[in-house]
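Chemist: here is a sequence together with a model predicted from it:
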Amino acid sequence: MPETALSSATPDAAASAVLEVRDLSAAYGGPDVLSAVTLGVRTGETVAVLGANTAGKTTLLRAISGLIPKARGHIAFEGLALLGRPAHTIPGLGIGHVPEGRHVFPRMTTLDNLMMGAFFHRGAKDIAERLERVFTLFPRLQERQAQLAGSMSGGEQQMVSIGRALMGKPKLLLLDEPSHGLAPIVVDELHGAIGAINRQGVSVLLVEQNAMLALSVAHRGYVLEAGHVVLSGSSQSLSADPGVRRAYLGV
Amino acid sequence: MTAVLQAEGVSVTFGGLKAVDGVSFTLNAGEIVGLIGPNGAGKTTLFNALVGLQPLTSGAVRLGGETISGLKPHKVAAKGMTKTFQNAALFPDMSVLENVTTAALLRHDLKGARIKAERVLDTLGLGPIADADVQDLTFPQKALVEMARALATEPRVLLLDEVMAALTPSEMDEVMKVIRTLRDEGLALLVVEHHMRAIMALCDRLLAVNFGRLLAQGRPSEVAADPQVIEAYLGHGAAGQEGAHA
Amino acid sequence: MTSAPLDRRRAAGVMLAAGAVAFSLFAEPVRAAEDVVVGVIQPLSGPNAQFGIGAQRGTELAAEMINAAGGIKSLGGAKIKLVAADVPTPNTAASTTQRLISQNGVSAVVGAFVSSTTLAASEVTERAQIPLVTFAFADQITGRGYDYIFQVSPKGTVFGEAQFDYATAIAKKAGEKIDKVAILYEDTAYGTAQAKGLRDAAKKAGVEVVLDEAYPLGITDVSPLVNKLRASGAQIAFPVSYLNDSLLIIRALRQQQIDIPVIGGAAGYIIPDFKKGLGDYAEGVLSVAAASGDLIPELAAKYKEKYGSFITHEAIIHAAALDAVAQAMEKAKSSDPQKVRDALATLDTCTGLAKGVPGGCIKFDKTGLNTSAFPVFVQWRGEEPVTVYPPQAAKADPIWRGQTVK
Amino acid sequence: MRTLFTPSRAALLIFFVAAALLPFFVDPRGHLLRVAAMVLLFAAMAQSWNIVGGLANQISLGHAGFFGLGAYTSTLLFLKLGISPWIGMFAGAVVAGGAAVLLSIPTFRLKGHYFALATLAFAEVLRVIANSWADFTGGPVGLSIPFMGSQPAYFAFRAVSSYYWVILGLLAAVCLAFHLLASGALGYRLRAVRENENAAEVAGVNTFRVKLIASVISAALTAICGTVFAQFTFFFDPDSIFSLAGLSVRMAMIAIVGGLGTLGGPILGALFLIPLEETANAFLSSKAAGLSQFVFGVILIAAILIQPRGLMAWWPKPRRRRAEASRPAVAAPAAKGA
Amino acid sequence: MLQALIDGILLGGVYGVIATGLSLVFGVLGVVNFAHAEFLMLGMYVAWFAWRWLGLDPLLGSVLSFVIVFAVGYVVQRTLIERVLKAPPAAQVFLTVGLLIAIENAALMVFGSEFRSVSVPYQVQGYRLGDIFIGAPYLYAFAAAVILAAALWLFLERSWTGRAIRAVAQDAMAATLVGVDTKRTYGLAFGLGVALTAFGGAVILPYITVSPTVGGQFVVLMFTVVVLGGLGSVAGALAGGIMVGVVQSMSTLIFPIQLQNLCLFVIFIAVLALRPQGLIKGA
């Protein structure tokens, strides 16, 4: 597989980069799932990471959140080295992670799920304010705040999961397959929300299998294949690049 | 051509969620059919339903004209259909030969099973590692061993769930060669694979699913060009765009 | 490849060697020349530990007294050396007893308060032909025709019969006619044997048993038991139980304001903790007992001085048991187990600690049962139980429903 | 063909030869021989447990139930009908096997902790029944094997060494049964079930049947151990013969400390634990009540934390690597990591 | 009949609190703690000494039991249990079995074998309503259990630590992603679990004696309660406790008391076989 090191993939200057990943490799005991991945997210940007199943997208996000102890390389968040930090300290730095499969707390109410998002800032006075902001973004959650999250539809659970991450006052939001398994109309709604979050000043790293959808909200994108970055560029250029289609459909 | 496997309106529901929704298709002896669809489309659930690991909510599965839905997996295996697992579910504390022998016991006594297992391993070129611990194997080796184990049950229909995940292109070529040989020997194969390049090159026909429903079926190039399929993979609006490029 | 497996092999070797060393420790018998060795097996851990410890103290005290008085004079003043071992369960009893016999070369074994443990131990002593002198009183202990078992106190059924007969006799003297009684017992060897005695005695006396209920050892809630008792209309309750259930039963009766007399079946009813647990409510409770401190005041005083509480019947009987062994050695002029056994079989003594056994003597019959022993009734008076029945042993008159019975 | 004479087999052979000769070198009536006999008996019990616990990976905490059924069946047959315990031993095995079938039907789907709890309750049920049904079982007083001198036909001997050899034979038989099971067709299937039940099913293994057969064999062998135990100790009562801590846990513990699912594990475990416990009891129990059991508990905790795979994990790894080393180290058809 | 029902409920409330801790530990850590009943025993001893030395009524001493046993539990989790969390069940089962043996015998060495009992005035009092008798210690213990259950509910629902415990139980990864230190939470949950049991042990001290082996009387009972209620379910354990209390009490109306436990075990096996998730679905 040709190694494509693209200079445009690295942020121009460290100062403007909220996230910087360099030469990141990771494995779960077997062969490397990520091999020397280098990419970055600039402040205020939405960046998409595309690729077929098993390309290593989820592993990338998990490594950033400290969930893969054996990750090697370098990850910096606002200049701060992340690798080696205990996973539970990472949200407090300003990174919100919406995991693949949503992972809401099924036997807690919507409200309790959201409150858990504020766990790190549990003393803060602006919790109500933040809650209000989440409810503005997803009015449906306000209606369903007393419902057990496990009993809600997939789309609603996704909103809970995103809302929960937002309650932690993130500067960077990691979104893992938010459209997975959802009906198109819900997907549109979610992506609208992602745009709105980004406009409020939160940088977003978005992992999606649904390439066109991701590129429609992202400024830039990277394409992963078998743990390597094979393509990168602006959303417009990627949308037109037949390489993306090849990475997914093999034709 | 004779239909060896028939699925008729197969549905699987998990507490309200339709993971597989009325899927019907047939599979003929001596053909490789690819099952494609995005993550969570219901491919693995469909496989599990076919071999009896997952009870059907409705529908029926017939193997060689005989209804096998409702049977336990070991009975289904005895009737001639088995599957491999995503991420190679080998028996980790056993050697390669022991893994394959266990499956060969379905139709042979212990001595015969060992001979059968050795033969299967040799066909797949695994003879030299027969005594290795499966935990020490590489990914492609594990995938092949699992295929060997499945073949040792002497199936008529073999369902392969992502055997080529994490393989390099040259490794993939080797595995595809093996799969083609099996087809040429008259086996019917249903293959789930995310490496679309491999799927396109390998399969005689494709079935595309999303949200548990069958979206399209036909020749690989037709299915890949189907707007619904492209949308399922690349998203809303991609079909027109990409179509213009193609 | 080189160092790691070697280390592992070494570690495995070390662990195995530890096992082997442990094993070899049993190879050599340890025995001092002039001492006579007697094994003491008691439950020192587990649920019956409290009774085992009391019993062990009794034997220790007896050994001290015998040694202080000059040891076994016919053996040149040989001192008694006790080898104690913990037998928390019957499963451990056989192996432990065997160890005392072959490693410590004991002349006799004393103990194992708990009946099932004693039964297990006696199988070993019988085959090894070592005398076992015990207080445990399940009927099977002397009922198997064994030659090497000696029981200082009466059988369990005898205790049960006495529990019934003495109580009805006192009630009769107090002018109360008893037609209905209740039997509550723990489903252990001890409880079952004693309940059988109670049942038989009631039948013989023509008294109706309106409640005959076994309950599991370690019962945590006795309310159902007490509910049944209340509904039965019994005039006397005969509970046979260890401590926890005895406290539970007495308290539950008080809570439900049931004031029928409760006649305890030894064990839990006559140890210091009964009083500690119940305080004033212990006052006046009657119980059958194998012995009582007031029958042998000098031993009781020494015990109290040494251990700080009154002497329990298991301590007295085990002390007497050890003394019987000592007297047998004295008589046999030997510490050879076979000779000690023969001397025990023909022992007829009314001196020494035998005075602690009601009847004051030790003389074993063919089965090994002490023929002269009988159970007594004790009644809680202040801090200690006092012997109140039968009249030949009594130190005070019994009190029945607040009335002193002459 | 693999060589017949591996280090493991050599060690096993040496063990059995040494064990068979032991009575000639120690006091035949002594305690050492008795402890040795208990080591062998517990090794046999742990090996029987190992068939279910090790090969099928079902953690049973109720094997005392089968053990007790064996002891009760043979003893009651002898006491009530005069049938020799040699015959009663097999009757006990049949009864226990039947009980295993009855227990398997409701519990075969259960795994891990749930299975452990269900089996624990099973033994407790038997204990309560044996305690309550006094007319038949003798109740809480327990049962005594009558003392009748040396009557080999009725499984009664004078010398400890005779029992010792019987127990050694039993251990050899149980080890042989385990070995045949582990290396035979059933062994393949059992290990497959243990390691991945779904994969075993699609590979054509009838997982329920395989587990059932294993538990019946395991129960029957455990019951035979129960009969031998009863004959050897001459007395048992419900609380001790169905004891959770004294038997069920101990059998499992020996197999686990020695090495779950291995042939040598139960033997190593028994060689290590039983003498250790005896020593602790002999030297510590008269010092402070509870000390010996406390030490025992601490050693158990340490053993689990230091080597959860048991003593056998330290044994030099068997043949397979050797075979591999002697062959050219060939990878799969496609070389890795191109 | 009514009497048996009331007896059962009073008893069952306490069983519920005692078993809740076991269920909580399983729910959060996924470990079945076979040594759980030993912490009940420790709690009883703490309350006994508090009564003896400080003159505290066990109902008040229970707070001390809670605090001290919580600390012990936290240390035990961080030093021992933590190390087998990812180990196979066999290692977990036997680690806690080893713990059971060690704690019981350590208690025997430290506290001695005697049965200890407190004496408080209400021990022999009772209330009478027509034909129904209610023992005062049972009533007070039940009341204490209800108060503790309510406090536990408030803690788990309203406090940040309580929410964190629930979050870890429901999805440990997601909890990490919102900043919960799962390792510390495991320690807290284990400490809390054994402290609940210790509290239960303290409040029954007025009607049960304590000795090093008292745990053994409760161990099977506890497991029955949590299996009936569904392992891991806190609300289920409380309901399961009442159920076990009532079954125990009512069964004696039909069967001999000797067979009380047999009824429980048969129900226990039946529930395991038919509904391993427990009879009660709940949080």
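Modeler: Now that the structure is in, tell me what you want to look at.
Chemist: residues contacting A:Tyr28?
Modeler: A:59, A:68 (Cβ atoms under 8 Å, 6 or more residues apart in numbering or on different chains). Where C-beta positions appear, they are placed from N, C-alpha and C, glycine not excepted.
Chemist: give me the pLDDT for the residue of the stretch 101-250 of chain D found nearest chain E.
Modeler: Nearest residue of the stretch 101-250 of chain D to chain E, counting by Cβ to the nearest Cβ: D:Pro106, 3.2 Å away. With respect to pLDDT, D:Pro106 scores 80.
Chemist: which parts of chain A are helices?
Modeler: Using DSSP state H, the helices of chain A run over residues A:57-64, A:90-93, A:110-117, A:127-137, A:139-143, A:154-166, A:184-199, A:211-217, A:235-240, A:242-249.
Chemist: where's the residue of the stretch 101-250 of chain D closest to chain E, which helix or strand?
Modeler: Secondary-structure assignment from DSSP states H and E places D:Pro106 in helix D:85-107.
Chemist: just checking, B:Gly40 is part of a helix?
Modeler: No - going by DSSP: H, G, I helix; E, B strand; the rest coil, the assignment for B:Gly40 is coil, not a helix.
Chemist: what residues sit buried inside stretch C:227-237?
Modeler: Within stretch C:227-237, the residues scored as buried using 16 or more other Cβ atoms under 10 Å in any protein chain shown are C:227-230, C:232, C:234-237.
Chemist: please apply the same query to stretch E:83-103.
Modeler: Those would be E:84, E:87, E:89-103, for stretch E:83-103 by 16+ other Cβ under 10 Å.
Chemist: do it and chain D meet?
Modeler: Yes - on the criterion Cβ under 8 Å from any Cβ of the partner chain, stretch E:83-103 is in touch with chain D at E:83-84, E:87-95, E:97-103.
Chemist: that stretch near chain C at all?
Modeler: No - Stretch E:83-103 stays clear of chain C (Cβ under 8 Å from any Cβ), getting no nearer than 10.7 Å.
Chemist: residues contacting D:Ile299?
Modeler: For D:Ile299, the contact set (Cβ under 8 Å, 6+ apart) comprises D:276, E:98.
Chemist: did I read that right, B:Gln6 in a helix?
Modeler: No - counting by three-state DSSP, one finds B:Gln6 to be strand, located in no helix.
Chemist: measure it to B:Ala78 for me?
Modeler: Distance, B:Gln6 to B:Ala78, using Cβ to Cβ, to the nearest Å: 19 Å.
Chemist: now do stretch A:131-138: distance to the chain's middle.
Modeler: Centroid displacement of stretch A:131-138 relative to its chain, using Cα atoms, centre = their mean, to the nearest Å, is 19 Å.
Chemist: repeat for stretch A:70-86
Modeler: 16 Å.
Chemist: what are the ranges of the strands in the stretch 1-150 of chain D?
Modeler: Along the stretch 1-150 of chain D, the segments classed as strands by DSSP state E, counting those that start in this stretch run D:143-144.
Chemist: run through it and note the low-pLDDT ranges.
Modeler: D:1-5, D:28-29 (pLDDT under 70).
Chemist: doesn't D:Phe232 fall inside a helix?
Modeler: Yes - the assignment for D:Phe232 by three-state DSSP puts it in a helix.
Chemist: so it sits against D:Leu41, correct?
Modeler: Yes - using Cβ atoms under 8 Å, D:Phe232 is in contact with D:Leu41, at 7.1 Å.
Chemist: what's the closest of the helices of chain A to D:Asn50?
Modeler: helix A:57-64 (39.2 Å; Cβ to Cβ).
Chemist: which helices and strands does that closest one pack with?
Modeler: In terms of contacts (3 or more Cβ pairs under 8 Å, 6 or more residues apart in numbering or on different chains; DSSP states H and E), helix A:57-64 is packed against strand A:17-27, strand A:32-42, strand A:46-50, strand A:72-77, strand A:95-98, strand A:172-176, strand A:203-208.
Chemist: name the residues that touch the shortest one?
Modeler: Which is strand A:95-98. Residues from elsewhere that reach strand A:95-98 (Cβ under 8 Å, 6+ apart): A:61, A:64-65, A:77, A:91, A:117, A:158, A:161-162, A:164-166, A:168, A:170-176, A:178, A:202, E:177.
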